[in-house]
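S.K.: Structure, please.
(3 chains)
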Amino acid sequence: MHEIGEPTHKRRILLADADAFYVAVARLADPEGAGKAKILVVGGSSNRGVVTSASYEARAYGVRSAMPTATARRLCPEAVFVPVPRQLCSEKSRMILETLRDLSPVVEPASIDEFYLDLTGTERLFQGEDLTATARRIRKTLKNQTGLSVSIGGGSSRLIAKLAAKQAKPRPGTDGKGVLVVAAGEELPFMERLKLADLPMIGPQFQERLASHGLKTVQDTLAVEQSRLQQLFGKKTAAWLHDRVRGLDSASVTASSPARSLSHEETFSVDLQSEQDLQREVLDLSYRVAADLRTKGLKARTVTVKIRYADFSTRQKSQTLKVPISADRPVLATALDLLRKHRKQRRSPIRLLGVALSQLSRGPSGPDQLSIFHDEVDAIMESDQDRTLSEVIDKLTGRFGKKGIRRASQLDSKRY
DNA sequence: TCTGGGGTCCTAGGACCC
DNA sequence: TCTGGGGTCCTAGGACCC
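M.R.: Got it, this is the predicted structure:
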């Protein structure tokens, strides 16, 4: 908040958001197949998959993201279904990020296909070019450099930029032109046209709660006294809502913050029940997530094992160690311990297992400096031998690929 | 034809400490 | 006799986003 006077000038924030990102990348990955299919659905290929993204032509049939693939097939049997091209998606995302970094002083990735830019203070650099013209220039450059169509929204806050980007989308049946900038001072009229459900972070639950008090649109909410909103939703939520419906959002655009967690999870095509199967999957997930951790030069203190049962109820157990780890063995040992605790509590068929690492830190993998902990260290600790073994495995994997190296099953031994 | 995988942030209770 | 009062860390669950 500015205590004295008005801000000298409004911020100039853009959100660049790739259009139907997964669909577009799937077409680049497979020009002959997916590339030629107008009605295209990208998503989980297994019997239990869901739709990640659908082409506009497929959406016309009612196909939506997060819908079970089976439902999508029923709605639209003539659609072409392809799996998510994960690697190319990561590459394209990185290409967009690098292109944007050449065009803007501050770029913050918000997801695989969304990037916030703060161009405040670039007026002179861009010789007075207005924000709309800048956005069009960036859009054109992105298309040339990455082959992807990216819509850009702009305004005085992240919230306005995000909402504008959604309206800028060149969807059939709308007048989206790929770029929409809300001029300074026009925020309120822009917001007044929206429903509360259009606002980020107002999901199904909160919508329900708002609707139960007769609040469905931004205009509904603007008409309510702040004291009344406080009665209904509490001080903090009321203040948040007050700002959101006016397009106010003081959050700044900052360079990407370090990751808070890393995880892998898998839904099995058939529910798992035997201890051997479960332990094998936990081993696989643990080694994968630990390898990712080391690739990023990180260490973790907390290991979490997530389980989804056949009835879809989901439970997680976690353990925080005194000392950060990154080697395979201690990650696996902790995860197996958590699996045992889960199984002790409930032994029923399992449809999903996940292993997550959090409490991350930059980790120089040197020798331990543990003497201060004396005897109060965890039972599970990482030894120099653990680290050396993981380093060797990483090097072999790097040289021969994941399929070139296979571990002997270590689960029979009592070492864990 | 039931319901992915990868994240972030928030809350609330209990442990523990001073 | 009836019950301090914070602060921080850990665990579990849940809403939400793409």
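S.K.: could you pull out the strands for the stretch 201-350 of chain A?
M.R.: For the stretch 201-350 of chain A, the strands defined by DSSP state E, counting those that start in this stretch occupy A:261-272, A:298-309, A:314-325, A:350-362.
S.K.: Tabulate the ones you listed (JSON lines), appending mean neighbour count, mean pLDDT and distance to A:P83.
M.R.: To be clear about C-beta, it is placed using only N, CA and C from the backbone, and glycine gets the same treatment. Formatted as JSON lines, the strands of the stretch 201-350 of chain A follow (neighbours: other C-beta atoms under 10 Å; pLDDT from 0 to 100; distance: least, C-beta to C-beta, whole Å):
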{"stretch": "strand A:261-272", "mean neighbour count": "15", "mean pLDDT": "97", "distance to A:P83": "14"}
{"stretch": "strand A:298-309", "mean neighbour count": "21", "mean pLDDT": "98", "distance to A:P83": "21"}
{"stretch": "strand A:314-325", "mean neighbour count": "16", "mean pLDDT": "97", "distance to A:P83": "24"}
{"stretch": "strand A:350-362", "mean neighbour count": "20", "mean pLDDT": "97", "distance to A:P83": "18"}
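S.K.: what's the closest of those to A:I160?
M.R.: Smallest distance to A:I160 across the strands of the stretch 201-350 of chain A (C-beta to C-beta): 29.5 Å, for strand A:261-272.
S.K.: Check which helices and strands the closest one is in contact with.
M.R.: helix A:275-295, strand A:298-309, strand A:350-362 (3 or more C-beta pairs under 8 Å, 6 or more residues apart in numbering; DSSP states H and E).
S.K.: how close does the residue nearest to A:R27 when sequence neighbours are not counted get to A:R399?
M.R.: Spatial nearest neighbour of A:R27, excluding adjacent residues (C-beta to C-beta, 6 or more residues apart in numbering): A:G35 at 4.3 Å. According to C-beta to C-beta, to the nearest Å, A:G35 stands 34 Å off from A:R399.
S.K.: The two: who's more crowded?
M.R.: Using other C-beta atoms under 10 Å, the more surrounded residue of A:G35 and A:R399 is A:G35, with 12 against 9.
S.K.: The more buried one contacts A:A24, doesn't it?
M.R.: No: using C-beta atoms under 8 Å, A:G35 is not in contact with A:A24, being 10.0 Å away.
S.K.: With DNA strand B as the reference, name the closest of the strands of the stretch 201-350 of chain A.
M.R.: Ranking these by proximity to DNA strand B (C-beta to the nearest atom of the strand) places strand A:261-272 first, at 3.3 Å.
S.K.: Kindly reformat the helices and strands packed on strand A:261-272 as JSON lines and extend each row with distance to A:E98.
M.R.: Listed next are the helices and strands packed on strand A:261-272 as JSON lines, based on distance: least, C-beta to C-beta, whole Å:
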{"stretch": "helix A:275-295", "distance to A:E98": "19"}
{"stretch": "strand A:298-309", "distance to A:E98": "22"}
{"stretch": "strand A:350-362", "distance to A:E98": "23"}
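S.K.: Take the ones you listed and write them to a markdown table, including distance to DNA strand B.
M.R.: Converted to a markdown table, the helices and strands packed on strand A:261-272 look like this (distance: least, C-beta to the nearest atom of the strand, whole Å):
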| stretch | distance to DNA strand B |
| --- | --- |
| helix A:275-295 | 7 |
| strand A:298-309 | 7 |
| strand A:350-362 | 5 |
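S.K.: For A:V245, find the nearest of these.
M.R.: Across those, A:V245 has its closest neighbour in strand A:350-362 (33.8 Å, C-beta to C-beta).
S.K.: Could you name the helices and strands sitting against the closest one?
M.R.: If contacts are counted by 3+ C-beta pairs under 8 Å, 6+ apart, strand A:350-362 sits against strand A:261-272, helix A:275-295, strand A:298-309, strand A:314-325, helix A:328-345.
S.K.: between the ones you listed, which one is nearest to DNA strand C?
M.R.: strand A:314-325 (3.2 Å).
S.K.: Contacts for the closest one, please.
M.R.: Residues from elsewhere that reach strand A:314-325 (C-beta atoms under 8 Å, 6 or more residues apart in numbering): A:299-309, A:330-331, A:334, A:337-338, A:341-342, A:345-346, A:352, A:354, A:356, A:358-359, A:361, A:363, A:368, A:370, A:373, A:376-378, A:380-382.
S.K.: Could I get the buried residue list for the helix or strand where A:K395 lies?
M.R.: Counting by DSSP states H and E, the element that carries A:K395 is helix A:384-400. Across helix A:384-400, burial judged by 16 or more other C-beta atoms under 10 Å covers A:D386, A:R387, A:S390, A:I393, A:D394, A:T397.
S.K.: Many thanks, we can stop here.
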